[in-house]
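# how would this look folded up:
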Amino acid sequence: MSPVEVADVDERVELAGIPLRNAVLTASGTFGYGTEFAPFLDLEKIGGFVAKSLTLEPRFGNPPPRIGETPSGMLNAISIENVGVKAFLEEKLPALPPAVVVIASAFGTAPEQYAELAARVSPHPRIAGIEINASCPHVKAGGIEFGQDPKLLGELVRTVRAATEGPLLVKLSPNVTRIADMAKVCEDEGADGISLINAVQAMEVDVEKRRPILSNVLGGLSGPAIRPIALRMVWQVAQAVRIPLCGIGGITSAEDAVKFLLCGASAVQVGTLNYLDPGAAERIARGIAQYAADHGFARVADLTGVLETG
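Below is the predicted model:
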């Protein structure tokens with residue numbers, strides 16, 4: 001392919017029926033409610049962001065220590081600490097610039113809780129869609145159980161689908177044997193898209209204290225260490241479903257993001273990197289456009305699923 005001018009590249013993509021100005025969002029739990037990052041990047045120059053997972057009432061997370069560093073990654077067990085849906089709608093959303101694309105993340109310990117959240121959040125004009133957090137790897141009740149059991153997952157998606165007509169994504173757990181089967185359950189029950197992957201369940205030990213480094217013992221491993229796992233799962237799911245995918249896991253550069261697009265993702269989410277480089281998402285979006293131009297792609301959307309494996 002002949003190179004094209006980067007200014008001529010169409011960066012727009014669509015994810016689960018949500019139009020995005022470019023393919024880069026930020027991942028739930030790593031970007032707060034958006035305003036925290038406004039000093040570091042132009043929120044209107046990224047595709048959008050997935051807000052911190054919401055519960056019906058304000059929730060305090062696990063006691064510290066609940067975050068720690070690991071080789072090429074981070075281990076966390078925050079446990080969905082959040083302000084609750086009322087404060088999110090009344091205080092957090094109005095503080096955002098008007099053109100920012102916001103996807104709400106819903107969490108509960110029963111399908112009915114997720115459904116009530118969806119019913120309350122989805123009618124808001126600032127909410128572009130909902131991502132079901134079916135896969136939090138460090139909550140003792142709910143969370144990972146939905147992401148690991150196909151029957152529970154199917155019930156969850158079906159219940160939330162009945163509560164909202166808006167775009168609905170499901171964030172899947174990597175802690176399963178066959179990720180494609182879980183994605184197919186979501187598609188069959190009416191999901192509009194799949195986000196994958198969430199953090200990998202893991203633990204680390206302090207040998208001097210002879211204790212786990214997290215008070216919760218187990219946590220979610222994120223960062224570059226999990227990227228090859230995430231790429232594998234995105235590629236497998238892309239072979240199994242027709243609904244669009246959002247790739248997540250260890251993205252630190254535009255090259256990393258392009259890998260997810262090539263494997264079948266329509267968009268990506270930048271997560272752990274936000275802690276190290278709060279302006280990274282904007283930089284990665286520019287880099288994807290540059291890659292497309294250098295390799296003769298007039299549209300970023302045309303990168304999706306063109307990985308050659310033969």
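
# helices along the stretch 101-250 of the chain, start to end?
Assigned by DSSP state H, counting those that start in this stretch, the helices in the stretch 101-250 of the chain fall at 111-121, 144-148, 150-163, 179-188, 227-240.

# mind listing what the longest strand anywhere in the chain pairs with, with the direction of each?
With DSSP state E setting the assignment, residue counts place strand 127-133 as the longest strand in the chain. Counting by DSSP bridges, the strands paired with strand 127-133 are strand 102-106 (parallel), strand 168-171 (parallel).

# off-centre distance for the first one?
Right, strand 102-106. Strand 102-106 sits 10 Å away from the centroid of its parent chain (Cα atoms, centre = their mean, to the nearest Å).

# next one: the last one
Strand 168-171 sits 9 Å away from the centroid of its parent chain (Cα atoms, centre = their mean).

# hang on, isn't residue 71 packed against residue 225?
Yes: applying Cβ atoms under 8 Å, one finds residue 71 in contact with residue 225, separated by 6.7 Å. For the C-beta atoms, the positions are set from N, CA and C on the backbone; glycine is no exception.

# those two - which one has more neighbours?
Set residue 71 next to residue 225 and count neighbours by other Cβ atoms under 10 Å: residue 225 wins out with 19 against 8.

# pLDDT score for the more buried one?
For residue 225, the model assigns a pLDDT of 98.

# wait, it touches residue 250, no?
Yes: under the criterion of Cβ under 8 Å, residue 225 makes contact with residue 250 at 6.6 Å.

# sorry, back to before: worst average pLDDT in the helices of the stretch 101-250 of the chain?
Looking at the helices of the stretch 101-250 of the chain, the bottom one is helix 144-148 with a mean of 77.

# how far does it sit from the chain's center?
Distance, stretch centre to chain centre, for helix 144-148: 16 Å (Cα atoms, centre = their mean).

# restricting to C-alpha, output it in CSV.
Output of helix 144-148 as CSV, limited to C-alpha atoms (Å, rounded to 0.1, in the frame of the first residue of the first chain):
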residue,chain,number,x,y,z
ILE,A,144,-15.9,-12.7,38.7
GLU,A,145,-18.6,-15.4,39.2
PHE,A,146,-20.7,-13.9,36.4
GLY,A,147,-17.7,-13.8,34.1
GLN,A,148,-16.8,-17.4,34.7
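
# which helices and strands sit right next to that helix?
Contact analysis of helix 144-148 by 3 or more Cβ pairs under 8 Å, 6 or more residues apart in numbering; DSSP states H and E lists helix 150-163 as its packing neighbours.

# residue 60 - how many residues pack around it?
Applying other Cβ under 10 Å, we find 9 residues neighbouring residue 60.

# got it, and residue 238?
Residues within reach of residue 238, counting by other Cβ under 10 Å, total 22.

# sorry, back to before: out of the strands paired with strand 127-133, the one nearest residue 88 is which?
Of all the strands paired with strand 127-133, it is strand 102-106 that lies closest to residue 88, at 7.6 Å by Cβ to Cβ.

# list the contacts of the closest one.
Strand 102-106 has contacts (Cβ atoms under 8 Å, 6 or more residues apart in numbering) with 18, 25, 28-29, 34, 48-54, 88, 93, 96, 114, 117-118, 121-122, 126-133, 160, 169, 171.

# got the angle for that strand vs helix 111-121?
With axes from the mean of the first three to the mean of the last three Cα atoms, to 10 degrees applied, the angle from strand 102-106 to helix 111-121 works out at 160 degrees.

# now do strand 102-106 against helix 150-163, angle only.
Here strand 102-106 points in a direction 130 degrees away from that of helix 150-163 (the same axes, to 10 degrees).

# list the buried residues for stretch 39-47?
Using 16 or more other Cβ atoms under 10 Å as the test for burial, stretch 39-47 gives 41, 43, 46, 47.

# go on, stretch 183-203?
Buried residues in stretch 183-203, counted by 16+ other Cβ under 10 Å: 183-187, 189, 191-203.

# ok, residue 208 - contacts?
Residue 208 neighbours (Cβ under 8 Å, 6+ apart): none.

# do you know how far it is from residue 11?
49 Å (Cβ to Cβ, to the nearest Å).

# returning to that earlier point: report the set of residues contacting both of residue 225 and residue 250.
Contact with both residue 225 and residue 250 is made by residues residue 73, according to Cβ under 8 Å, 6+ apart.

# any stretches of the stretch 1-150 of the chain with poor pLDDT?
Low-confidence segments of the stretch 1-150 of the chain (pLDDT under 70): 1, 136-144.

# one step back: need the helices of the stretch 101-250 of the chain in TSV with distance to residue 219, can you?
Shown next, in TSV, are the helices of the stretch 101-250 of the chain (distance: least, Cβ to Cβ, whole Å):
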stretch	distance to residue 219
helix 111-121	23
helix 144-148	12
helix 150-163	22
helix 179-188	20
helix 227-240	16
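
# so residue 240 makes contact with residue 183?
Yes: Residue 240 lies in contact with residue 183 (Cβ under 8 Å); the separation is 5.9 Å.
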